[in-house]
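>>> got a sequence here, can you model it:
(one chain, ligands or ions: 1)
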Amino acid sequence: MSVDLGRAKDLLRLLFVCEVKMTSRSERVGKSGQKGSETGVRKAKGSGIAKDPSLANRVALVCGASEGIGRATCLEFARLGASVVALSRSQLKLAALSDEMVAKGFAAPILLPVDLGETETLLKHIDKVLVAVKAIHVVVHNLGGPVPGPLATASQQDLERAFRAHVVSAQWLMQRLLPGMKSANYGRFIQVLSTSVKAPLPNLGVSNVIRAAMANWAKTLALEVGEFGITVNNVLPGYTRTQRLAALAKAVAQNKHLEVSEVEDLWRGQVPLKRFADPTETAEVIGFLASPMAAYIHGINLPVDGGRLVCL
Ligand SMILES: NC(=O)c1ccc[n+]([C@@H]2O[C@H](COP(=O)([O-])OP(=O)(O)OC[C@H]3O[C@@H](n4cnc5c(N)ncnc54)[C@H](OP(=O)(O)O)[C@@H]3O)[C@@H](O)[C@H]2O)c1
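Numbering: from 1, shown residues only. Just a heads-up that it's a prediction; the model follows:
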(Lines give C-alpha, C1' and ligand atoms only; values in the text may rest on other atoms or scores of the structure.)
Protein backbone atom coordinates (compact mmCIF):
# COMPACT_ATOMS: atom_id res chain seq x y z
CA MET A 1 0.00 0.00 0.00
CA SER A 2 1.42 3.41 -0.93
CA VAL A 3 1.00 6.28 1.53
CA ASP A 4 1.32 9.98 0.65
CA LEU A 5 3.40 11.11 3.67
CA GLY A 6 2.72 14.85 3.15
CA ARG A 7 -1.04 14.28 3.12
CA ALA A 8 -0.89 11.95 6.16
CA LYS A 9 0.97 14.63 8.14
CA ASP A 10 -1.65 17.22 7.20
CA LEU A 11 -4.41 14.90 8.38
CA LEU A 12 -2.66 14.25 11.69
CA ARG A 13 -2.17 17.98 12.22
CA LEU A 14 -5.87 18.60 11.50
CA LEU A 15 -6.95 15.88 13.95
CA PHE A 16 -4.66 17.33 16.64
CA VAL A 17 -6.08 20.86 16.18
CA CYS A 18 -9.66 19.53 16.32
CA GLU A 19 -8.94 17.60 19.51
CA VAL A 20 -7.35 20.61 21.23
CA LYS A 21 -10.32 22.80 20.23
CA MET A 22 -12.88 20.29 21.47
CA THR A 23 -11.05 19.73 24.76
CA SER A 24 -10.73 23.41 25.57
CA ARG A 25 -14.40 24.00 24.66
CA SER A 26 -15.63 21.21 26.94
CA GLU A 27 -13.35 22.39 29.73
CA ARG A 28 -14.68 25.89 29.35
CA VAL A 29 -18.39 25.04 29.35
CA GLY A 30 -19.81 21.72 30.43
CA LYS A 31 -23.32 21.60 29.01
CA SER A 32 -24.47 22.15 32.55
CA GLY A 33 -27.80 23.63 31.58
CA GLN A 34 -28.90 20.47 29.84
CA LYS A 35 -30.31 17.46 31.59
CA GLY A 36 -27.82 14.82 32.74
CA SER A 37 -24.65 16.72 31.90
CA GLU A 38 -21.81 17.98 34.07
CA THR A 39 -20.43 21.38 34.94
CA GLY A 40 -17.07 22.34 33.41
CA VAL A 41 -14.37 23.46 35.86
CA ARG A 42 -11.11 25.16 34.98
CA LYS A 43 -8.18 26.20 37.13
CA ALA A 44 -7.39 29.87 36.53
CA LYS A 45 -3.68 30.12 35.66
CA GLY A 46 -1.65 32.20 38.08
CA SER A 47 -4.49 33.13 40.41
CA GLY A 48 -4.64 29.69 42.06
CA ILE A 49 -8.42 30.07 42.12
CA ALA A 50 -10.48 27.34 40.49
CA LYS A 51 -13.14 29.06 38.40
CA ASP A 52 -16.28 27.43 37.17
CA PRO A 53 -17.62 29.02 34.01
CA SER A 54 -21.09 27.71 34.60
CA LEU A 55 -24.00 29.48 36.23
CA ALA A 56 -25.29 26.38 38.01
CA ASN A 57 -27.16 27.25 41.23
CA ARG A 58 -27.54 30.84 40.06
CA VAL A 59 -30.82 32.57 39.34
CA ALA A 60 -30.74 35.07 36.47
CA LEU A 61 -33.40 37.67 35.70
CA VAL A 62 -33.46 38.71 32.05
CA CYS A 63 -35.53 41.78 31.19
CA GLY A 64 -36.75 42.27 27.63
CA ALA A 65 -36.59 38.48 27.43
CA SER A 66 -39.13 37.69 24.75
CA GLU A 67 -37.22 38.91 21.69
CA GLY A 68 -33.82 39.70 20.26
CA ILE A 69 -30.83 39.99 22.55
CA GLY A 70 -32.87 39.25 25.70
CA ARG A 71 -34.31 36.06 24.24
CA ALA A 72 -30.88 34.86 23.13
CA THR A 73 -29.56 35.66 26.61
CA CYS A 74 -32.22 33.46 28.26
CA LEU A 75 -31.09 30.54 26.09
CA GLU A 76 -27.42 31.23 26.81
CA PHE A 77 -28.03 31.42 30.57
CA ALA A 78 -29.97 28.15 30.45
CA ARG A 79 -27.08 26.58 28.53
CA LEU A 80 -24.73 27.78 31.27
CA GLY A 81 -26.91 26.15 33.91
CA ALA A 82 -28.75 29.13 35.44
CA SER A 83 -32.39 29.13 36.49
CA VAL A 84 -33.93 31.81 34.30
CA VAL A 85 -36.57 34.40 35.21
CA ALA A 86 -37.81 35.92 31.94
CA LEU A 87 -39.47 39.33 31.99
CA SER A 88 -41.21 41.28 29.22
CA ARG A 89 -44.66 42.74 28.59
CA SER A 90 -46.15 40.05 26.36
CA GLN A 91 -47.33 36.88 28.09
CA LEU A 92 -47.79 35.26 24.69
CA LYS A 93 -44.22 35.87 23.52
CA LEU A 94 -42.85 34.74 26.88
CA ALA A 95 -44.85 31.51 26.62
CA ALA A 96 -43.29 30.91 23.19
CA LEU A 97 -39.83 31.43 24.70
CA SER A 98 -40.65 28.96 27.47
CA ASP A 99 -41.78 26.36 24.91
CA GLU A 100 -38.54 26.80 22.97
CA MET A 101 -36.41 26.39 26.10
CA VAL A 102 -38.23 23.23 27.14
CA ALA A 103 -38.01 21.85 23.60
CA LYS A 104 -34.24 22.40 23.76
CA GLY A 105 -34.00 20.36 26.97
CA PHE A 106 -33.73 23.22 29.45
CA ALA A 107 -35.90 23.88 32.48
CA ALA A 108 -38.89 26.15 31.87
CA PRO A 109 -38.17 29.73 32.97
CA ILE A 110 -40.25 31.63 35.51
CA LEU A 111 -42.27 34.11 33.43
CA LEU A 112 -42.89 37.70 34.48
CA PRO A 113 -45.24 39.49 32.07
CA VAL A 114 -44.73 43.07 33.22
CA ASP A 115 -43.87 46.50 31.82
CA LEU A 116 -40.62 47.88 33.25
CA GLY A 117 -42.25 51.30 33.18
CA GLU A 118 -44.83 50.15 35.75
CA THR A 119 -42.56 50.01 38.74
CA GLU A 120 -45.14 49.09 41.40
CA THR A 121 -46.41 46.08 39.44
CA LEU A 122 -42.81 45.17 38.67
CA LEU A 123 -41.91 45.03 42.35
CA LYS A 124 -44.96 42.94 43.22
CA HIS A 125 -43.89 40.38 40.61
CA ILE A 126 -40.29 40.40 41.83
CA ASP A 127 -41.36 39.92 45.45
CA LYS A 128 -43.37 36.85 44.44
CA VAL A 129 -40.31 35.40 42.71
CA LEU A 130 -38.18 36.11 45.78
CA VAL A 131 -40.53 33.96 47.83
CA ALA A 132 -39.80 31.05 45.50
CA VAL A 133 -36.04 31.58 45.12
CA LYS A 134 -33.70 32.85 47.85
CA ALA A 135 -31.93 35.37 45.67
CA ILE A 136 -31.60 36.59 42.11
CA HIS A 137 -27.87 36.64 41.43
CA VAL A 138 -27.80 38.08 37.90
CA VAL A 139 -29.87 40.91 36.47
CA VAL A 140 -29.77 41.76 32.78
CA HIS A 141 -31.50 45.10 32.42
CA ASN A 142 -32.70 45.34 28.85
CA LEU A 143 -35.75 46.64 26.99
CA GLY A 144 -36.67 48.33 23.75
CA GLY A 145 -34.97 51.68 23.15
CA PRO A 146 -36.76 55.03 23.79
CA VAL A 147 -38.69 56.70 20.95
CA PRO A 148 -36.46 57.91 18.09
CA GLY A 149 -36.28 61.50 16.81
CA PRO A 150 -34.25 64.65 17.40
CA LEU A 151 -33.77 65.86 20.97
CA ALA A 152 -34.88 69.36 19.96
CA THR A 153 -38.47 68.20 19.42
CA ALA A 154 -38.68 65.54 22.16
CA SER A 155 -41.47 66.14 24.66
CA GLN A 156 -41.22 66.19 28.44
CA GLN A 157 -43.41 63.07 28.41
CA ASP A 158 -40.97 61.22 26.11
CA LEU A 159 -38.10 61.96 28.47
CA GLU A 160 -40.02 61.13 31.64
CA ARG A 161 -41.42 57.87 30.24
CA ALA A 162 -37.98 56.71 29.10
CA PHE A 163 -36.37 57.72 32.40
CA ARG A 164 -38.96 55.71 34.34
CA ALA A 165 -38.77 52.57 32.17
CA HIS A 166 -34.97 52.56 32.04
CA VAL A 167 -33.34 54.32 35.00
CA VAL A 168 -36.07 54.07 37.64
CA SER A 169 -36.76 50.39 37.00
CA ALA A 170 -33.03 49.60 37.17
CA GLN A 171 -32.81 51.45 40.48
CA TRP A 172 -35.83 49.68 42.01
CA LEU A 173 -34.68 46.25 40.86
CA MET A 174 -31.20 46.89 42.22
CA GLN A 175 -32.51 47.95 45.63
CA ARG A 176 -34.77 44.88 45.87
CA LEU A 177 -32.13 42.39 44.71
CA LEU A 178 -28.96 43.77 46.30
CA PRO A 179 -29.49 42.18 49.76
CA GLY A 180 -29.75 38.67 48.26
CA MET A 181 -26.65 39.22 46.15
CA LYS A 182 -24.73 40.48 49.19
CA SER A 183 -25.72 37.41 51.24
CA ALA A 184 -24.63 35.14 48.38
CA ASN A 185 -21.43 37.17 47.96
CA TYR A 186 -22.17 36.97 44.23
CA GLY A 187 -23.97 39.38 41.99
CA ARG A 188 -24.01 40.69 38.45
CA PHE A 189 -25.76 43.79 37.12
CA ILE A 190 -25.49 43.82 33.33
CA GLN A 191 -27.14 46.61 31.36
CA VAL A 192 -27.77 46.31 27.62
CA LEU A 193 -27.34 49.87 26.39
CA SER A 194 -26.02 51.21 23.09
CA THR A 195 -22.81 52.49 21.52
CA SER A 196 -24.39 55.93 21.97
CA VAL A 197 -22.90 55.79 25.50
CA LYS A 198 -19.58 56.55 23.80
CA ALA A 199 -20.72 58.51 20.74
CA PRO A 200 -24.28 59.94 20.48
CA LEU A 201 -26.23 58.69 17.47
CA PRO A 202 -28.16 61.08 15.19
CA ASN A 203 -31.95 61.09 15.46
CA LEU A 204 -31.90 59.19 18.78
CA GLY A 205 -32.10 62.24 21.08
CA VAL A 206 -33.97 60.76 24.06
CA SER A 207 -32.10 57.48 23.74
CA ASN A 208 -28.70 59.22 23.83
CA VAL A 209 -29.69 61.06 27.03
CA ILE A 210 -31.11 57.99 28.76
CA ARG A 211 -28.22 55.67 27.79
CA ALA A 212 -25.74 58.18 29.23
CA ALA A 213 -27.77 58.31 32.45
CA MET A 214 -27.80 54.50 32.64
CA ALA A 215 -24.06 54.32 32.02
CA ASN A 216 -23.39 56.73 34.87
CA TRP A 217 -25.89 54.88 37.08
CA ALA A 218 -23.94 51.69 36.48
CA LYS A 219 -20.51 53.25 37.02
CA THR A 220 -21.66 54.84 40.28
CA LEU A 221 -23.14 51.54 41.49
CA ALA A 222 -19.90 49.77 40.57
CA LEU A 223 -18.04 52.03 43.02
CA GLU A 224 -20.43 51.04 45.80
CA VAL A 225 -20.98 47.27 45.53
CA GLY A 226 -17.74 45.71 44.28
CA GLU A 227 -16.57 44.66 47.73
CA PHE A 228 -19.53 42.25 47.99
CA GLY A 229 -18.50 40.14 44.99
CA ILE A 230 -20.95 42.05 42.83
CA THR A 231 -19.92 43.42 39.44
CA VAL A 232 -21.69 46.01 37.30
CA ASN A 233 -21.04 46.25 33.57
CA ASN A 234 -22.71 47.56 30.43
CA VAL A 235 -22.89 45.84 27.05
CA LEU A 236 -23.13 48.19 24.08
CA PRO A 237 -24.57 46.42 21.03
CA GLY A 238 -23.93 47.61 17.52
CA TYR A 239 -26.10 46.54 14.56
CA THR A 240 -27.65 43.28 15.75
CA ARG A 241 -30.03 41.22 13.65
CA THR A 242 -33.24 41.46 15.71
CA GLN A 243 -36.80 42.46 14.87
CA ARG A 244 -35.92 45.94 16.20
CA LEU A 245 -33.17 46.34 13.59
CA ALA A 246 -35.51 45.07 10.87
CA ALA A 247 -38.15 47.63 11.90
CA LEU A 248 -35.57 50.44 11.95
CA ALA A 249 -34.28 49.49 8.49
CA LYS A 250 -37.82 49.48 7.14
CA ALA A 251 -38.56 52.93 8.62
CA VAL A 252 -35.33 54.44 7.26
CA ALA A 253 -35.95 52.86 3.83
CA GLN A 254 -39.43 54.42 3.68
CA ASN A 255 -38.09 57.82 4.78
CA LYS A 256 -35.25 57.88 2.28
CA HIS A 257 -37.11 56.15 -0.56
CA LEU A 258 -34.65 53.26 -0.60
CA GLU A 259 -34.98 49.48 -0.58
CA VAL A 260 -34.52 47.86 2.84
CA SER A 261 -31.58 45.90 1.42
CA GLU A 262 -29.92 49.19 0.37
CA VAL A 263 -30.23 50.58 3.90
CA GLU A 264 -28.82 47.36 5.34
CA ASP A 265 -25.90 47.47 2.89
CA LEU A 266 -25.14 51.04 3.97
CA TRP A 267 -25.15 50.00 7.63
CA ARG A 268 -23.05 46.92 7.01
CA GLY A 269 -20.55 49.13 5.21
CA GLN A 270 -20.00 51.11 8.46
CA VAL A 271 -18.90 47.98 10.31
CA PRO A 272 -15.28 46.84 9.88
CA LEU A 273 -16.46 43.20 10.12
CA LYS A 274 -18.90 43.94 7.24
CA ARG A 275 -21.81 42.11 8.83
CA PHE A 276 -24.46 42.48 11.54
CA ALA A 277 -24.14 40.63 14.83
CA ASP A 278 -26.31 37.66 15.55
CA PRO A 279 -28.08 38.13 18.93
CA THR A 280 -26.44 34.91 20.15
CA GLU A 281 -23.04 36.63 19.82
CA THR A 282 -24.14 39.40 22.18
CA ALA A 283 -25.73 36.83 24.50
CA GLU A 284 -22.47 34.92 24.75
CA VAL A 285 -20.70 38.09 25.91
CA ILE A 286 -23.45 38.66 28.50
CA GLY A 287 -23.12 35.03 29.62
CA PHE A 288 -19.38 35.52 30.12
CA LEU A 289 -19.87 38.73 32.12
CA ALA A 290 -22.43 36.93 34.30
CA SER A 291 -20.08 34.03 35.02
CA PRO A 292 -17.34 33.74 37.65
CA MET A 293 -14.83 33.94 34.78
CA ALA A 294 -15.47 37.70 34.57
CA ALA A 295 -15.11 38.35 38.32
CA TYR A 296 -12.47 41.05 37.81
CA ILE A 297 -14.28 42.93 35.03
CA HIS A 298 -16.11 45.74 36.74
CA GLY A 299 -17.54 49.13 35.81
CA ILE A 300 -16.94 48.93 32.06
CA ASN A 301 -18.81 49.72 28.84
CA LEU A 302 -18.17 46.85 26.45
CA PRO A 303 -19.03 47.47 22.79
CA VAL A 304 -20.14 44.37 20.86
CA ASP A 305 -20.33 46.20 17.56
CA GLY A 306 -17.96 44.55 15.10
CA GLY A 307 -15.60 47.50 15.53
CA ARG A 308 -18.02 50.19 14.33
CA LEU A 309 -17.19 52.70 17.11
CA VAL A 310 -14.28 54.79 15.92
CA CYS A 311 -13.28 55.98 19.40
CA LEU A 312 -10.81 54.12 21.64
N1 LIG B 1 -30.62 45.42 17.70
C2 LIG B 1 -29.73 46.38 17.53
O3 LIG B 1 -29.17 46.53 16.44
C4 LIG B 1 -29.37 47.30 18.68
C5 LIG B 1 -28.33 48.22 18.49
C6 LIG B 1 -27.99 49.06 19.54
C7 LIG B 1 -28.66 49.01 20.74
N8 LIG B 1 -29.67 48.10 20.88
C9 LIG B 1 -30.40 48.10 22.16
O10 LIG B 1 -30.35 46.83 22.77
C11 LIG B 1 -31.59 46.60 23.45
C12 LIG B 1 -32.19 45.29 22.96
O13 LIG B 1 -32.36 45.38 21.58
P14 LIG B 1 -33.12 44.26 20.72
O15 LIG B 1 -32.75 44.51 19.31
O16 LIG B 1 -32.88 42.92 21.31
O17 LIG B 1 -34.63 44.70 20.95
P18 LIG B 1 -35.99 43.93 20.59
O19 LIG B 1 -35.73 42.80 19.67
O20 LIG B 1 -36.95 44.99 20.19
O21 LIG B 1 -36.44 43.33 21.99
C22 LIG B 1 -36.83 44.18 23.03
C23 LIG B 1 -37.37 43.34 24.16
O24 LIG B 1 -37.74 44.20 25.23
C25 LIG B 1 -39.10 43.93 25.61
N26 LIG B 1 -39.64 45.21 26.07
C27 LIG B 1 -39.82 46.34 25.36
N28 LIG B 1 -40.31 47.30 26.15
C29 LIG B 1 -40.44 46.77 27.39
C30 LIG B 1 -40.92 47.28 28.62
N31 LIG B 1 -41.36 48.53 28.75
N32 LIG B 1 -40.93 46.46 29.69
C33 LIG B 1 -40.51 45.18 29.59
N34 LIG B 1 -40.05 44.65 28.44
C35 LIG B 1 -40.02 45.44 27.35
C36 LIG B 1 -39.74 43.35 24.35
O37 LIG B 1 -40.78 42.42 24.62
P38 LIG B 1 -42.32 42.77 24.88
O39 LIG B 1 -42.82 43.41 23.65
O40 LIG B 1 -42.89 41.43 25.20
O41 LIG B 1 -42.33 43.68 26.08
C42 LIG B 1 -38.59 42.54 23.79
O43 LIG B 1 -38.51 41.28 24.42
C44 LIG B 1 -32.47 47.82 23.16
O45 LIG B 1 -32.38 48.73 24.21
C46 LIG B 1 -31.86 48.40 21.91
O47 LIG B 1 -32.11 49.76 21.78
C48 LIG B 1 -30.03 47.24 19.89
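>>> all contacts plus neighbour counts: C-alpha atoms, from now on.
OK.
>>> strands along the stretch 1-150 of the chain, start to end?
Assigned strands in the stretch 1-150 of the chain, in chain order: 42-43, 50-51, 59-63, 83-88, 110-113, 138-141 (criterion: DSSP state E, counting those that start in this stretch).
>>> please list the residues of the stretch 1-150 of the chain that sit near the ligand.
64-70, 88-90, 93, 114-117, 142-145 (C-alpha under 6 Å from any ligand atom).
>>> which among those residues count as buried?
64-70, 88-89, 93, 114-117, 142-143, 145 (16 or more other C-alpha atoms under 10 Å).
>>> to Q175, which of the strands of the stretch 1-150 of the chain lies closest?
Nearest to Q175, of all the strands of the stretch 1-150 of the chain, is strand 138-141, at 11.9 Å by C-alpha to C-alpha.
>>> correct me if wrong: L143 contacts G64.
Yes. Between L143 and G64 there is a contact under C-alpha atoms under 8 Å: 4.5 Å.
>>> what residues are shared contacts of those two?
The overlap between the contact sets of L143 and G64 (C-alpha atoms under 8 Å, 6 or more residues apart in numbering) consists of S88.
>>> pop the domain breakdown of the chain in here.
Annotated domains of the chain cover 59-238+279-304, 240-276 [automatic domain parsing].
>>> of these, give the one that comes closest to K51.
Among those, domain 59-238+279-304 sits nearest to K51 (C-alpha to C-alpha), with 6.3 Å.
>>> average pLDDT for the closest one, rounded please.
Here domain 59-238+279-304 scores 97 as its mean pLDDT.
>>> excluding chain neighbours, what is closest to I110?
Distances taken as C-alpha to C-alpha, 6 or more residues apart in numbering put V85 closest to I110, at 4.6 Å, once the chain neighbours are dropped.
>>> what's the answer for V102, then?
That would be A108: by C-alpha to C-alpha, 6+ apart, it lies 5.6 Å from V102.
>>> state the distance from the one you found to L123.
22 Å (C-alpha to C-alpha, to the nearest Å).
>>> before we move on, what about A95?
21 Å.
>>> what about P150, distance to P200?
Note on P150: its distance to P200, by C-alpha to C-alpha, is 11 Å.
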